[in-house]
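Student: Quick one: sequence plus predicted model below, questions after.
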Amino acid sequence: MKKITSTILLSLAITGGALTSCDIDRFPNSYMESDQVSDNQEVLFDNMLNGMYAQLKTWSDPMHRLGEYAGDNMMIRGSSTDAFYEFITYSRTPDNYRLQNFWDYGYKAIAQASNIINMAKETDDAEFNSKLGECYYVRGMMYFYLCRAFGRPYYQAPDKNLGVPIVNGTPSEDEIGNLSLPDRSTVKETYQQAINDLRTAEKLITTSFSSPDYASKEAAQAMLSRVYLYMSGTYENPNREYADSAIYYADRVIESPNFHLVSREDYMKSARTMPENYSEAIFVIKRLAADFPGSDYYYGIGGMYSNIGGMGWGEMYASAKYLELLDETKRNDWRKGDEGIVDARAKFIEPQYITDDNGDYTEVLRFITPNATGTGYTYVQLPVNADRTKCSEGNETYTITPFLDGRAPEEEYYTINYNGATYTGVIDYQIALNNGYPMFYITKCSREDGLESQLHSPIISRLDEMYLNRAEAYVKKGLLEEARADVNMIRERAINAEARYDQATFAADAANLVDKERQLEMAYQAERSYDVFRNGGTLTRRYPGPHPIDDVPATDYRVTYYIPQTAINSYPSGSTLTQNPTSDSGVILN
């Protein structure tokens, strides 16, 4: 039993857990003595794999909040005492239980995957080796996700900046009493570990793809495409070798007969579709309704974005910046239902229109102004008269005129001179306010399987990302026509053929157009903040919400999260777990 004991000790040490002598003899059902595992691995493997996948469920919650809340696709209705508010405000601290959970759950998944890998006997059984490959996939994915949160963007001195500790083996019997753990490896070393694991997964998994609920050869290839994209430098200073690798692995997935892009109509239903029935789903963290007993849907990912079926806080909404991107080609008019949806991605946004006592909607002009203190922005909704020439606010009346600069009359954009300044807004139904903010519900993380609930299986990899990975890598290699074809593939599906970029338009602004399409397509999948910083970009959030409006450049020390203090404190005596810089002066850029 000593080998399994040392594995648990290792897991608890790196995650900041504690273990008493009494605990050593009480293991979960998925843990077996090493000789039992070796003798019965075919029987026990499925049970141990299920335990590993179950760990991903708990990991996926903090994973989403770290990645999405730090971006610019959403806003919150006000300040919050919840630990996730630090992700939104960039007020980084090492004492944050959600950050601790992300670290703990990630390393527990690594420990579970490593436990299976280290105990497995060599075999020629293809099915058994494929399951072993699934463990390599999970471990490689965990190292990548941990490193992108706690390590600097790869283009910034990856051989000097620190990633995360690489802990794959188990201590020997003699080492148990004097446990020692390594400090953080460099970003470069951590990425190499992820690549090695993912390549091993790609090699070992030979069974055919059956479901996105489980790792597959294509899942490993999809993750390798993303890892190499993260390594491919910035648009200004690209690493073309890594860009080529990102293209290579994206090609493998795109060419697979197991996946294809769905129609626009089916894409608009994707949030309501079970991943097993969605032909773009490569790998997801499968959640079941049974995972959310009682009021637990409140605490699911979608619970902060909406209230569905009476469950959910509904306190985070689509940002004005994201809404503006959706309306860039033509305004999405949710008043008209699906007929008013111009960009299919707007289907995942649901404004909460309200009616008066007679059940009638009130037409308003909605626009955005600087707030009174000059520290941010605020929404204004003013009722309009029947002929749409005036707005009113108390005893004040304002003249409004159609805004036709690049907008068609039917889009109903209007200008108003309000408090001495001119603003542009849209005629719409009045939307319910929460703390002064219109409630634009986000439903991309809700209603799976057509249920009126917050059921959602977090997306890790889908086919649409492969086209966008390839497009970005093509731009970095200077292959703009190939990149344009991939962007237009996604863009035409989302909007229509007229939305395709022509050669001159795309060539003039290729990098921004690729990034814009990626933001639109992959919103609310925990990717946005990382996408901004890995390319050397600056996060700008000049839209309504309580968040600071100061820009966050990729060189800012707050781009990385702090190592949880409890993890540092619990490291064995004599071992060191180095903290991230606490100011810009400590950031290594080259």
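Tutor: Looks like it came in fine.
Student: What's the local residue count around the residue nearest to Ala289 when sequence neighbours are not counted?
Tutor: By the measure of CB to CB, 6 or more residues apart in numbering, the closest residue to Ala289 outside its immediate chain neighbours is Leu455, 5.7 Å from it. Quick note: C-beta positions are derived from backbone N, CA and C, even for glycine. Residues lying near Leu455 (other CB atoms under 10 Å) number 25.
Student: tell me the contacts of Leu455?
Tutor: Arg287, Leu288, Ala289, Phe292, Tyr297, Gly300, Ser446, Arg447, Glu448, Asp449 (CB atoms under 8 Å, 6 or more residues apart in numbering).
Student: Could you tell me what pLDDT the model assigned to it?
Tutor: With respect to pLDDT, Leu455 scores 95.
Student: any idea which element it lies in?
Tutor: In the assignment (DSSP states H and E), Leu455 maps to no helix and no strand.
Student: and Met48, which of the three is it?
Tutor: Here Met48 takes the helix state, with states given by DSSP: H, G, I helix; E, B strand; the rest coil.
Student: Pull the residues that contact the helix or strand harbouring Thr369.
Tutor: Element membership for Thr369 (DSSP H and E) is strand 363-370. By CB under 8 Å, 6+ apart, the residues outside strand 363-370 that reach it are 320, 376-384, 388, 391, 400, 414, 416, 418-419, 421, 423-431, 438, 543-544.
Student: let's see it at 6 Å
Tutor: 320, 377, 379-384, 391, 400, 414, 423, 425, 427-428, 430 (CB atoms under 6 Å, 6 or more residues apart in numbering).
Student: Could you list the paired strands of that strand along with their orientation?
Tutor: Strand 363-370 has the following strand partners under DSSP bridges: strand 377-383 (antiparallel), strand 421-429 (antiparallel).
Student: residue contacts, Ala219?
Tutor: Per CB under 6 Å, 6+ apart, neighbours of Ala219: Ile282, Phe283, Ser461.
Student: What count of nearby residues applies to the last one?
Tutor: Read that as Ser461. Counted by other CB under 10 Å, the residues lying close to Ser461 total 27.
Student: ok, the residue positioned nearest the centre of the chain - contacts?
Tutor: The geometric centre of the chain, computed from its C-alpha atoms, lies nearest to Ala526 (CA atoms, centre = their mean), at 1.0 Å. By CB under 6 Å, 6+ apart, the contact list for Ala526 reads Met63, His64, Gly67, Glu68.
Student: How about it: what's its closest non-neighbour residue?
Tutor: Of all residues not flanking Ala526 in the chain, Gly67 sits nearest, at 3.0 Å (CB to CB, 6+ apart).
Student: cool, and Arg470?
Tutor: Ala250 (4.1 Å).
Student: give me the number of residues near the one you found?
Tutor: Ala250 has 29 nearby residues by other CB under 10 Å.
Student: Buried residues in whichever strand or helix holds it, which are they?
Tutor: Here Ala250, judged by DSSP H and E, is contained in helix 240-254. Buried residues in helix 240-254, counted by 16 or more other CB atoms under 10 Å: Tyr242, Ala243, Ser245, Ala246, Ile247, Tyr249, Ala250, Arg252, Val253, Ile254.
Student: From the chain's centroid, how far away is that helix?
Tutor: 21 Å (CA atoms, centre = their mean, to the nearest Å).
Student: cool, and stretch 299-310?
Tutor: With CA atoms, centre = their mean, you get 17 Å for stretch 299-310.
Student: May I have that stretch exported as PDB, CA atoms only?
Tutor: This file holds the C-alpha atoms of stretch 299-310, laid out as PDB (Å, rounded to 0.1, in the frame of the first residue of the first chain):
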ATOM      1  CA  TYR A 299     -24.000  27.900  -7.900                       C
ATOM      2  CA  GLY A 300     -23.400  26.500 -11.400                       C
ATOM      3  CA  ILE A 301     -21.500  28.500 -14.000                       C
ATOM      4  CA  GLY A 302     -24.700  29.800 -15.600                       C
ATOM      5  CA  GLY A 303     -26.200  30.800 -12.200                       C
ATOM      6  CA  MET A 304     -24.400  34.100 -12.200                       C
ATOM      7  CA  TYR A 305     -25.400  34.900 -15.800                       C
ATOM      8  CA  SER A 306     -29.100  34.400 -15.600                       C
ATOM      9  CA  ASN A 307     -32.100  33.100 -13.700                       C
ATOM     10  CA  ILE A 308     -33.700  30.200 -15.500                       C
ATOM     11  CA  GLY A 309     -36.400  27.900 -14.100                       C
ATOM     12  CA  GLY A 310     -36.300  30.000 -10.900                       C
END
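Student: Asp343 touches Glu492, doesn't it?
Tutor: No - the pair Asp343 / Glu492 is not scored as a contact, 11.4 Å apart, by CB atoms under 6 Å.
Student: The two: which has the busier surroundings?
Tutor: Each of Asp343 and Glu492 has its neighbours counted (other CB under 10 Å); Asp343 has more, 21 against 14.
Student: sorry, back to before: if I look at the residue nearest to Arg470, what pLDDT would I see?
Tutor: Value for Ala250, per-residue pLDDT: 98.
Student: quick one: the residue nearest to the centre of the chain and Asn115, what's the gap?
Tutor: 27 Å (CB to CB, to the nearest Å).
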